[in-house]
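Engineer: Sharing a model prediction with you, sequence too.
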Amino acid sequence: MNVTLKAIDISQTAMQTSFMNTKPASTGPATRYLDRPEGKIAYEIQGDGPLVVLVPGMGELRSSYRFLAPALVQAGYRVASTDLRGHGDSDTTFSSYGDVATASDVHALIRDLGAPAVIIGNSLAAGAGVIVAAEHPDDVSGLVLVGPFVRNPKAGAVMQAVFRAMMAPLWIARVWKAYLPTLNAGRKPVDFDDYLADVFASLRRPAYGKAFSQTTRQTDHAPAEAALPGVSAPTLVIMGTKDPDFPDPAAEARWIGDTLQAEVVLVEDAGHYPQAQQPEVTSQAVLGFLQTALHRA
């Protein structure tokens, strides 16, 4: 399979107008819970058809996929959107966080709902998706990696110490509220102020700031990088051209694409969350990929 690199211009997308002018519904499906050894993982599910599991990055809520999920449901997919452990409506009683822990939760959810599934993971969750696909190939029919961390970034000891101090539980909610807009470099989601307020309120709850802090400190993408050679599922890489988490987002996307023999889509005027910043482009890319991936499966 040859790597395909695409740069999608939002002005050429037919879906653009409807997404840009439409906020997601304020009410959604009921929250459900998956029992895990140390607590519960919150998720919601809607639609019928092949299973697609949406997993957000750390510091995010499952509503990070508030634009993509309805498009998938409308296209005929059964869509499960989950919170990370220690985030959103999930419990904060866990002792471990990060890629490996998230992978175990995602795989448990897929088995509970009925494998196989396509995993769509953003940031940290992309690394978790890689681990699941490598360790349980029969349970994963496809991977969509959005703003993916599948290897540890290069950072000096000073930078690591600064980040650790910034992510201390006492002030992590305020720091993340100030930092999240920079991760949304480019066009902001149409409802960004409301979403930012929801994230801030979630992190201010007792124990949730501490759980997020633990996530930042325990996260290690080395297991995801080690798992890359074991991935056989068809894969799509989606990267915002302005993603500030990478010195050269396009180069990182190409490296992942080369490694996994994946299709790569670069989304213009988007940062770390193209699924919310440019939902029309992201949805178009994902839906096209799903048709091909599931046909192959």
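Structural biologist: Great, that's in hand. The shown structure was predicted, so the numbers you read here are calculated from the model rather than taken from an experiment.
Engineer: so where's this structure shaky on pLDDT?
Structural biologist: Applying pLDDT under 70 to the predicted model, the residue ranges of the chain that meet it are 1-27, 156-158, 297.
Engineer: tell me, what residue is most central in it?
Structural biologist: Relative to the mean C-alpha position of the chain, the nearest C-alpha, by C-alpha atoms, centre = their mean, is the one of Asn122, at 1.9 Å.
Engineer: residues in contact with it?
Structural biologist: Counting by C-beta atoms under 8 Å, 6 or more residues apart in numbering, Asn122 makes contact with 55-57, 60, 64, 146-148, 272-273, 275. From N, CA and C alone the C-beta is placed, and that goes for glycine too.
Engineer: any chance of these in JSON lines, with distance to Thr102 too?
Structural biologist: Formatted as JSON lines, the contacts of Asn122 follow (distance: C-beta to C-beta, whole Å):
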{"residue": "Val55", "distance to Thr102": "7"}
{"residue": "Pro56", "distance to Thr102": "10"}
{"residue": "Gly57", "distance to Thr102": "10"}
{"residue": "Glu60", "distance to Thr102": "12"}
{"residue": "Ser64", "distance to Thr102": "14"}
{"residue": "Val146", "distance to Thr102": "14"}
{"residue": "Gly147", "distance to Thr102": "15"}
{"residue": "Pro148", "distance to Thr102": "13"}
{"residue": "His272", "distance to Thr102": "17"}
{"residue": "Tyr273", "distance to Thr102": "17"}
{"residue": "Gln275", "distance to Thr102": "17"}
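Engineer: Show me which of these are buried.
Structural biologist: Neighbour-count burial (16 or more other C-beta atoms under 10 Å) applied to those gives 55-57, 60, 64, 146-148, 272-273, 275.
Engineer: that older thread, in the sheet, who's paired with the residue nearest to the centre of the chain?
Structural biologist: With DSSP bridges as the criterion, the beta-bridge partners of Asn122 are Val146.
Engineer: And Val150, how close does it get to Asp191?
Structural biologist: With the distance defined as C-beta to C-beta, to the nearest Å, Val150 ends up 29 Å from Asp191.
Engineer: Which one of those two is surrounded by more residues?
Structural biologist: Looking at Val150 and Asp191 with other C-beta atoms under 10 Å, you find the greater number of neighbours at Val150, namely 27 against 18.
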